[in-house]
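Undergrad: Here you go, sequence then predicted model.
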Amino acid sequence: MTIDFSEGIDPQQFAPLPAHDRVFVGGHTVWTGPYRPPVVVCQPNRWGVVEDTFPSVPCVVEADPVVTGWLALPDDVVGFVDRAHRPISQPGRSPEGREAMRKASRLASMVAQLKGVGPLTRDFARTVPLITPVEAVQIIEFFDSCGIVGVRPLDGLAGGLAVTVRADHTEAELRSFAEALEQALGR
């Protein structure tokens, strides 16, 4: 059986973000300017972290259409795009998004029981950013052999993983992920 934990867009397909106005620190964005509106902001960001600050200028929101409707937004939003920067309508507050966020929290609690593993932050939506004591590439290779796909490495963190949870993931699938991660760490 294959269990897919991908966000639905291959990370190589993510449109490049302009970096002249921001610095990423610990998974969060620090806004530095100068700003050339409209500024593209991410909610949640590409690590899955829920942003809590935005520049005070017109913004286009790079959104996760499943959960962004449940999250804070900039004061002046002039449009929404998906991770590949295709225009989308403003995300609503779907029950699917709320359930995905609940299950992501459940998965984070499960893996936090493993020695040396934990969520990078508690301010995440449906993509759980994890830090582990093992290289992400080794863990992902192990997952592939177990039928777990779609987990991606976090850029700049050797043991960092991004795991996206959907509303239709079962408790058994979440447990299978946690068990496979435990096995990958013990190799």
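TA: The structure has been received and is ready for your questions. Residues are numbered from 1 along each chain as shown.
Undergrad: who touches the helix or strand bottoming out on mean pLDDT in the chain?
TA: Among the helices and strands of the chain, strand 22-25 carries the lowest confidence by mean pLDDT, DSSP states H and E, at a mean of 86. For strand 22-25, contacts defined as C-beta atoms under 8 Å, 6 or more residues apart in numbering pick out 29-32, 45. From N, CA and C alone the C-beta is placed, and that goes for glycine too.
Undergrad: so where do the helices sit in the protein?
TA: Counting by DSSP state H, the chain has these helices, from start to end: 95-111, 136-146, 171-186.
Undergrad: Dump these into TSV; add mean neighbour count as well.
TA: Listed next are the helices of the chain as TSV, based on neighbours: other C-beta atoms under 10 Å:
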stretch	mean neighbour count
helix 95-111	18
helix 136-146	16
helix 171-186	17
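Undergrad: and Leu130, which of those is closest to it?
TA: Shortest distance between Leu130 and the helices of the chain, using C-beta to C-beta, is found for helix 95-111: 6.2 Å.
Undergrad: Let me know the angle separating the closest one from helix 171-186.
TA: 40 degrees (axes from the mean of the first three to the mean of the last three C-alpha atoms, to 10 degrees).
Undergrad: shouldn't Ile148 be in contact with Ala178?
TA: No: counting by C-beta atoms under 8 Å, Ile148 stays clear of Ala178, with 10.7 Å between them.
Undergrad: if we can go back for a sec, may I see the helices of the chain organised as JSON lines, with distance to Gly8 and mean pLDDT added?
TA: Shown next, in JSON lines, are the helices of the chain (distance: least, C-beta to C-beta, whole Å; pLDDT from 0 to 100):
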{"stretch": "helix 95-111", "distance to Gly8": "12", "mean pLDDT": "96"}
{"stretch": "helix 136-146", "distance to Gly8": "18", "mean pLDDT": "95"}
{"stretch": "helix 171-186", "distance to Gly8": "16", "mean pLDDT": "95"}
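Undergrad: Distance to Arg126 added to those, as a markdown table?
TA: Shown next, in a markdown table, are those (distance: least, C-beta to C-beta, whole Å):
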| stretch | distance to Arg126 |
| --- | --- |
| helix 95-111 | 4 |
| helix 136-146 | 18 |
| helix 171-186 | 12 |
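Undergrad: ok, which stretches of the protein are strands?
TA: 3-4, 22-25, 28-31, 39-43, 59-63, 77-81, 87-88, 118-119, 127-131, 148-149, 152-153, 160-164 (DSSP state E).
Undergrad: Tell me the buried residues in the second one?
TA: When you say that, I think you mean strand 22-25. Neighbour counts over strand 22-25 (16 or more other C-beta atoms under 10 Å) mark 22, 24 as buried.
Undergrad: tell me how far that strand is from the chain's mean position?
TA: 16 Å (C-alpha atoms, centre = their mean, to the nearest Å).
Undergrad: List the pairing partners of it within its sheet, with orientation.
TA: Its sheet considered, strand 22-25 pairs with strand 28-31 (antiparallel) by DSSP bridges.
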